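Trainee: Pasted the sequence and its predicted model underneath.
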Protein chains: 2
Amino acid sequence: MRHSQLFTKTSKTAPKDADSINAQLLTRAGYIQKEAAGIYNFLPLGLMLIKNLSNIVREELNRIGGQEILLPVLTPQTSWKKTHRNHLDILFKTGNLVLNPTHEEVVTPLMQKYLSSYKDLPKAVYQIQTKFRNEPRAKSGLLRCREFLMKDMYSFHTDDPDQDRFYLEVKKAYEKIYSRLGIGERTIYTYASGGSFSKEYSHEFQMLSPIGEDEIFFCEKCRLGFNKEIHASQCLECGNKNLKTASAIEVGNIFKLKTKFSESFNFKFKDAKGKEKYVIMGCYGLGISRTLGALVEVFHDSRGIIWPESVSPFKIYLFSVGKDRAAEEIYQKYGNIFYDDRKEISVGEKMAEADLLGFPYRLIVSEKGWELKKRSEEKTKIINEKELCLLTTA
Amino acid sequence: MRHSQLFTKTSKTAPKDADSINAQLLTRAGYIQKEAAGIYNFLPLGLMLIKNLSNIVREELNRIGGQEILLPVLTPQTSWKKTHRNHLDILFKTGNLVLNPTHEEVVTPLMQKYLSSYKDLPKAVYQIQTKFRNEPRAKSGLLRCREFLMKDMYSFHTDDPDQDRFYLEVKKAYEKIYSRLGIGERTIYTYASGGSFSKEYSHEFQMLSPIGEDEIFFCEKCRLGFNKEIHASQCLECGNKNLKTASAIEVGNIFKLKTKFSESFNFKFKDAKGKEKYVIMGCYGLGISRTLGALVEVFHDSRGIIWPESVSPFKIYLFSVGKDRAAEEIYQKYGNIFYDDRKEISVGEKMAEADLLGFPYRLIVSEKGWELKKRSEEKTKIINEKELCLLTTA
């Protein structure tokens, strides 16, 4: 892509109401623009981030048998009355419809139409879709929104052991996702309360960050966390009593729903002996836009964002210093390049913009040759055609 | 994909409230499932249709310089008050927010933040996103919904001639899109009123169909249509007075917005002489889910749907008659195949399902060899490996 085609512009200052690093940098770089409290527009480069992150999530969930679907935003309140969740404060409503903040009330009666025998189970479906929460304290940029993009998966099983097996598969898939996003090391699998309808634990994936709203206790030895609800005085795995406290951002959560929702909708299957039983369900959330915000909170410096390659809109930020023709040739020949082809913009400004946008590499074509610099490092290196070819195709 | 992995099931009968061919066939085949009046779930194969159709639209709009963005569902009513559209009956509202049925009220103040000089113009942005209309008479399956997927593009220009130039580019892009969807011949470029804010015509793309809600008059010679608002007694192009009447489904519309919205938001740019002028805007809609419904209305027979290859989830519906191992090998070796690997399902049932789902080809591996049948034709042909290879890679 050529910079001259892009309509967004970067800004040296952040909007006054940008209350977090992610809101400041994403807005300044032209990835997002605020519409209202907790509601954002995704601009061309921001939508590329969303697509890259979503595709990583899709790949890992498809690998464990997830089938992608798309459920609606609006659902009749009658469905929410069945689960006694119609009076939740966070529900946005319009007429007799709810703007869904989660989709158990949709997916349970939907799957009930197709799954009726033990032969139909297990199955897992997921979607990447816009969710709504009437959040009185929308804040921290993409971290706490009223409208946000979320991946939610739901699984359906004949019995608890099968649900337990799949739960672990999802755990592993999530770990792969966070690892591909570059936050595997700092994302802690954390025990949480199972909620009002389960005596078992649920689990959160908590990314350590000083700005995190959640406080967790964690065992460094086992890399396990325990959220405040748990009141854990020692590690549930190894008994280590020396738990550390840390702030963290919740970037995912997984729940065993047991028969909570299948009972509400009378969703039963016939087992091998023809006996009717309630379907066992699980649900698995991963905030797409929130995780994007979380990435910025950990991957930035004073000059701007430092994207992991896996989500960056482009691999290389290219511009010329007096060598426009050579730069043009490179842009035409290689892929995954963002070419700052603007005239009348100083080298200093282009350098600042490259740093703010945060693509993994910057390439300056000058009299010295092809000067490559990694966004995360200070040193510059002259590279040749073969090295550039390797870089753009790796 | 293997049929045994898919959770959906086909049905021999349609739901009683399915009031159109598209609702009946798409539901019976397991592409969609109704959530409430005018609100649908998209199931795995249905979401593939949406993605294929969306990607065709993206390709053609990117080609003319469209930049993809994602605007929010919710917008403060204050923006709708500025354009005096806050009292439209079709607006869904929640608190002080509107569920956007279109996005002029969002995109105009958004682009205003970035476009301020004639050097910044022209620009065009688009999104593929969920829209909402509080439609009292939701009906005809995907044709008239309360929640629906739409592509909406907006363009920004310094003057009318530049808007006119881009308007024609969009017209050509739309014609390519409809042509790739197989409905180019039957989709008529139709003059419509410019609406309350323009004396010029707007244009609709009307796909001829007996179930269409709109009635148009059209000139067979020029392939031009005139909608009822126009009261055309003759073709505006050639003067032909022998206009035919026909029913049609509106699958797209394009508007010159002039300065209607830039005036509401005081969106001005500086021209080359430094003089401030209102930005000239255009908007261009194309219903993604509606067009999917329209395709089914024209591409079906008594046995089911007949997808154009460009949107079909898979190219080939494969199953074996006593040759499971050979069928398995074909499935493993070639792409773009949906493999009906279910046991205990009769050949007749599999044939009926292949017809209902409507992928372009059916391949039966039997003692006779590899029997290929086009969904749209009756004759069967024995093919060899080379022919299959060509078919799956073409």
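Mentor: Noted; the coordinates are in hand.

Trainee: hey, let's count contacts and neighbours off CA atoms from now on
Mentor: OK.

Trainee: Tell me where the model's unsure across the stretch 51-200 of chain A.
Mentor: Residue ranges of the stretch 51-200 of chain A with pLDDT under 70: A:195-199.

Trainee: Quick one: name the residues of it near chain B.
Mentor: A:65, A:67-76, A:92-94, A:106, A:110, A:114-115, A:120, A:123, A:147 (C-alpha under 8 Å from any C-alpha of the partner chain).

Trainee: filter the residues you listed to the buried ones?
Mentor: Those of those that meet the buried threshold are A:67-76, A:92-94, A:106, A:110, A:115, A:120, A:123, A:147, by 16 or more other C-alpha atoms under 10 Å in any protein chain shown.

Trainee: and A:Leu181, what does it touch?
Mentor: Residues near A:Leu181 by C-alpha atoms under 8 Å, 6 or more residues apart in numbering or on different chains: A:53, A:308, A:310-311.

Trainee: Quick one, grab the pLDDT at the nearest residue to A:Asp160 once chain neighbours are set aside.
Mentor: Closest residue to A:Asp160 apart from its sequence neighbours, by C-alpha to C-alpha, 6 or more residues apart in numbering or on different chains: A:Ile280 at 6.8 Å. Turning to A:Ile280, the model gives it a pLDDT of 98.

Trainee: which residues of the stretch 151-300 of chain A fall in strands?
Mentor: A:187-192, A:202-208, A:214-219, A:224-227, A:244-258, A:268-270, A:276-278, A:280-287, A:300-301 (DSSP state E, counting those that start in this stretch).

Trainee: got these as CSV, with distance to A:Ile383 columns?
Mentor: Shown next, in CSV, are the strands of the stretch 151-300 of chain A (distance: least, C-alpha to C-alpha, whole Å):
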stretch, distance to A:Ile383
strand A:187-192, 35
strand A:202-208, 36
strand A:214-219, 44
strand A:224-227, 43
strand A:244-258, 38
strand A:268-270, 63
strand A:276-278, 63
strand A:280-287, 39
strand A:300-301, 25
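
Trainee: With respect to B:Val57, which of these lies nearest?
Mentor: Closest to B:Val57 of those is strand A:280-287 (C-alpha to C-alpha; 27.5 Å).

Trainee: If the nearest residue to A:Ser116 once chain neighbours are set aside is in a bridge, with which residues?
Mentor: Closest residue to A:Ser116 apart from its sequence neighbours, by C-alpha to C-alpha, 6+ apart: A:Phe269 at 4.5 Å. Note on A:Phe269: beta-bridge partners by DSSP bridges are A:Lys277.

Trainee: Please tell me how far A:Phe269 sits from chain B.
Mentor: According to C-alpha to the nearest C-alpha, to the nearest Å, A:Phe269 and chain B sit 14 Å apart.

Trainee: and if you look at A:Ile383?
Mentor: 32 Å.

Trainee: what helix or strand does A:Cys370 sit in?
Mentor: Residue A:370: Trp, not Cys. strand A:369-374 (DSSP states H and E).

Trainee: swap in A:Leu388?
Mentor: helix A:385-393.

Trainee: before we move on, the earlier item: quick check: which of the strands of the stretch 151-300 of chain A is nearest to B:Asp19?
Mentor: B:Asp19 sits nearest to strand A:268-270 of all the strands of the stretch 151-300 of chain A, at 29.6 Å, using C-alpha to C-alpha.

Trainee: quick one, what contacts A:Lys258?
Mentor: Neighbours of A:Lys258 in contact, by C-alpha under 8 Å, 6+ apart: A:160, A:198, A:280-282.
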